[in-house]
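Enquirer: this one's structure only:
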């Protein structure tokens, strides 16, 4: 009898160095969760993700990889990781990351200004539904990002095992341009899947039903769903530490700076729209993105939060000559890697 993937997932962490075991203690026991109802939510989420991963399409550009398994990691850190081990491609997220996302999306769902901007009622059931939809978009984006690391060969080093790829680093200064290009590739492929699933795929109907927006026009539905994608992913980026940039430090980051990631994501999302929803591409303007992100920032940042100042500094830097040179190099490295698949 073959060993279940959840057992292999747990064993992987117990076989790591003592210092790594202090960070990741193994598979999380959902029976120990203190938040009422969270176990059931996470089990349904895990079931849905593993079903989707088990039914992935064959794509010529995908590198050969073993079957997937998604699970939860016991840790005190908020993080998501991808690795290959013992015949499986594993994606894991920590419970603190889940709890952080739920808190974040709950805060957004209670913003009267955001609800109004999205054209949603402020009723409790709609607010709760908005929080649920935003949470699902955010976690599906994170998992799709980690999935890309596997199927595009980012974690594969030419042998069965692979090094861990972390979505979140505490200091952020642990990489270089080549690493950033892989992260940009993962972002780009992840948002392409998100757009396909939420606007033209299996998640569309349930999301609209939860928000009681099934009867509005198809164009208005598309606008709402795209806006929710912007809100969920924008909020996830804004929640994390936002470093200040200069012409030297920007090349030392493990991931592209948040403002650059979000701008690149929206470029890919608009490209998806041009292929599948031409009118939607015309309606989703930079002005509308900025309005959405302004409301998101107001909901999650305090007025004196340094992340707001750092975000604006990032935007200013990326508009400078040094910033434009960096973005050009990042785009070139990402596109060259994608062309090599």
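Expert: Received it, and whenever you're ready, just let me know what you need. Predicted model only: the values in this text are computed from it and were never measured.
Enquirer: if I pick residue 41, what's in contact with it?
Expert: Applying C-beta atoms under 8 Å, 6 or more residues apart in numbering to residue 41 gives no contacts. Backbone N, C-alpha and C define where each C-beta goes, glycine included.
Enquirer: Let me know the pLDDT of it.
Expert: Looking at residue 41, its pLDDT reads 90.
Enquirer: Need phi/psi at it.
Expert: phi -60, psi -40 (degrees, to the nearest 10).
Enquirer: From residue 98, how far out is it?
Expert: 9 Å (C-beta to C-beta, to the nearest Å).
Enquirer: can you check residue 56 too?
Expert: For residue 56, the distance to residue 98 - C-beta to C-beta - is 23 Å.
Enquirer: Report the distance from stretch 215-224 to the chain centre.
Expert: 24 Å (C-alpha atoms, centre = their mean, to the nearest Å).
Enquirer: Stretch 316-327 too?
Expert: For stretch 316-327, the distance to the chain centre is 24 Å (C-alpha atoms, centre = their mean).
Enquirer: tell me the mean pLDDT over that stretch?
Expert: Averaging pLDDT along stretch 316-327 gives 96.
Enquirer: which residues sit against that stretch?
Expert: 245-247, 250-251, 257, 259-260, 263.
Enquirer: check contacts around the residue nearest to residue 329 when sequence neighbours are not counted.
Expert: With sequence-adjacent residues excluded and distances taken as C-beta to C-beta, 6 or more residues apart in numbering, residue 329 is closest to residue 177, at 6.1 Å. With contacts defined as C-beta under 8 Å, 6+ apart, residue 177 is in contact with 251, 329-330, 333.
Enquirer: Could you pick out which of these are located in helices?
Expert: 329-330, 333 (DSSP state H).
Enquirer: Could you pull out the strands in the stretch 151-300 of the chain for me?
Expert: 165-166 (DSSP state E, counting those that start in this stretch).
Enquirer: Can you show me the helices along it?
Expert: 177-199, 203-210, 218-239, 258-276, 278-283, 286-300 (DSSP state H, counting those that start in this stretch).
Enquirer: hmm, back to that, of the contacts of stretch 316-327 - the most surrounded one?
Expert: The residue in the contacts of stretch 316-327 with the most neighbours, by other C-beta atoms under 10 Å, is residue 257 (29 neighbours).
Enquirer: In terms of pLDDT, where does it sit?
Expert: 93.
Enquirer: Quick one: residues contacting the nearest residue to it once chain neighbours are set aside.
Expert: Of all residues not flanking residue 257 in the chain, residue 314 sits nearest, at 5.1 Å (C-beta to C-beta, 6+ apart). Residue 314 makes contact with 242-245, 257-260, according to C-beta under 8 Å, 6+ apart.
Enquirer: in what helix or strand does residue 314 lie?
Expert: Here residue 314 sits within helix 306-319, counting by DSSP states H and E.
Enquirer: which regions of this protein sit below the pLDDT cut-off?
Expert: Counting by pLDDT under 70, the chain shows low-confidence ranges at 1, 155-174, 303-304.
Enquirer: Apply 50 and report the result again.
Expert: Counting by pLDDT under 50, the ranges of the chain that qualify are 156-162, 170-172.
Enquirer: related to what we said a few turns ago, neighbour count for residue 56 and residue 98, which is higher?
Expert: residue 98 (23 against 13).
Enquirer: shouldn't that one be in contact with residue 42?
Expert: Yes. Using C-beta atoms under 8 Å, residue 98 makes contact with residue 42 at a distance of 6.8 Å.
Enquirer: Identify the contacts common to these two.
Expert: residue 72.
Enquirer: and the closest residue to residue 239 other than its chain neighbours, how many neighbours?
Expert: Excluding its sequence neighbours, the residue lying closest to residue 239 (C-beta to C-beta, 6+ apart) is residue 104, at 5.6 Å. Residues near residue 104, counting by other C-beta under 10 Å, number 22.
Enquirer: From residue 241, how far off is residue 104?
Expert: 14 Å.
Enquirer: can you list contacts of whichever strand or helix holds the residue nearest to residue 239?
Expert: Using DSSP H and E, residue 104 sits within helix 95-109. When contacts are defined by C-beta under 8 Å, 6+ apart, helix 95-109 is touched by residues 28, 33, 35, 38, 42, 72-80, 114-115, 127-132, 134-135, 138-139, 142, 168, 231-232, 235-236, 239, 296, 299-300.
Enquirer: Just the buried positions in stretch 209-218, please.
Expert: Neighbour-count burial for stretch 209-218, counted by 16 or more other C-beta atoms under 10 Å, picks out 210-211, 213.
Enquirer: Can you give the distance of that stretch from its chain's centre?
Expert: On C-alpha atoms, centre = their mean, the centre of stretch 209-218 falls 25 Å from the chain's centre.
Enquirer: one step back: how much space between the residue nearest to residue 257 and residue 307?
Expert: Here the criterion is C-beta to C-beta. By it, residue 314 lies 10 Å from residue 307.
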